[in-house]
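*Asks:* Take this sequence and fold it.
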Amino acid sequence: MNARARNRSLLGVSSIVAIATVAPLPLVAQAPPKVLTPPRAADTARAPQTTRPASPAGSTSAVATPPPTRPGPVIPQSAVLDSIREVVFQSLLSRDRAGFSTLASAFCLGLSTDTFKKASSLGDRADPPEPMVRRLYTTRAPARRASTCTFAPNATGRPVPGRALLYTVGAIDMVSPEHAEAAAAYSYDGYSTGGYTFSVERADSGWVVKQWRMEWTARSGAP
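*Replies:* The predicted structure is shown next:
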């Protein structure tokens, strides 16, 4: 083999070696690296977000605002006043001052600041304390708070029996440390209403009713 042929042969081998050297290695598929993120703690302090519907064009208010609730009367509180209220309720329940206890389906108790010297709607009232209601409860007159009773307007043809009898103790005038006058009222579910004044005195056993008088009575239409 002459020199030119050998050189050409060597150049071919060198080219093969060079190509083999620079040829890229085969790619091996690798999974992407995992990024570990700690779980997010529940956000209990943040209120859930609500999405309001878009208001139509030209509208100035998209959400209706409920009417404000009317606050009840502010009833003066003291141990003496509660003692007087309880003895007046006791007289109303046990003596049936209204004359409807045998017809009533519920005996409801309420408090007010009214003097009941004249006809009143008896609508602005609050509940007496629950312990007082429990002490006044009897099987003959199972007393309950007025807010748990349902009252319906009087209507012609509606039967007289089975209505709720509401007793309300109103304003208390402390004439002296030993004597007081308490206003009270009844409503036999709108069929009949009336107002009283109770005279109570302090005794060794507590407050007692000395006398009472009816201030007014009214009947709203035929039963």
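
*Asks:* What segments of this protein are helices?
*Replies:* Secondary structure of the chain, counting by DSSP state H: helices at 3-22, 79-95, 130-136.

*Asks:* Mean pLDDT lowest where, among those?
*Replies:* Within the helices of the chain, confidence is poorest for helix 3-22, with a mean of 49 (mean pLDDT).

*Asks:* Pull the residues that contact stretch 176-183.
*Replies:* 84-85, 88, 114-117, 169-175, 195-202, 207 (CB atoms under 8 Å, 6 or more residues apart in numbering). Where C-beta positions appear, they are placed from N, C-alpha and C, glycine not excepted.

*Asks:* ok, and for it, which residues are buried?
*Replies:* Ala180, Glu181, Ala182, Ala183 (16 or more other CB atoms under 10 Å).

*Asks:* if we take these, which one ends up nearest to Thr150?
*Replies:* Minimum distance to Thr150 across the buried residues of stretch 176-183 is 24.8 Å, recorded for Ala183 (CB to CB).

*Asks:* still on that earlier bit, using ChimeraX, define a selection of the buried residues within the contacts of stretch 176-183.
*Replies:* Remark: buried members of the contacts of stretch 176-183, expressed as a ChimeraX selection using 16+ other CB under 10 Å:
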select :84,85,88,114,115,116,169,170,171,172,195,196,197,198,200,202,207
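
*Asks:* Filter the contacts of stretch 176-183 down to the ones in strands?
*Replies:* 169-175, 195-202, 207 (DSSP state E).

*Asks:* Tell me which two of these sit farthest apart.
*Replies:* The widest separation within the ones in strands among the contacts of stretch 176-183 (CB to CB) is 24.1 Å, between Gly195 and Arg202.
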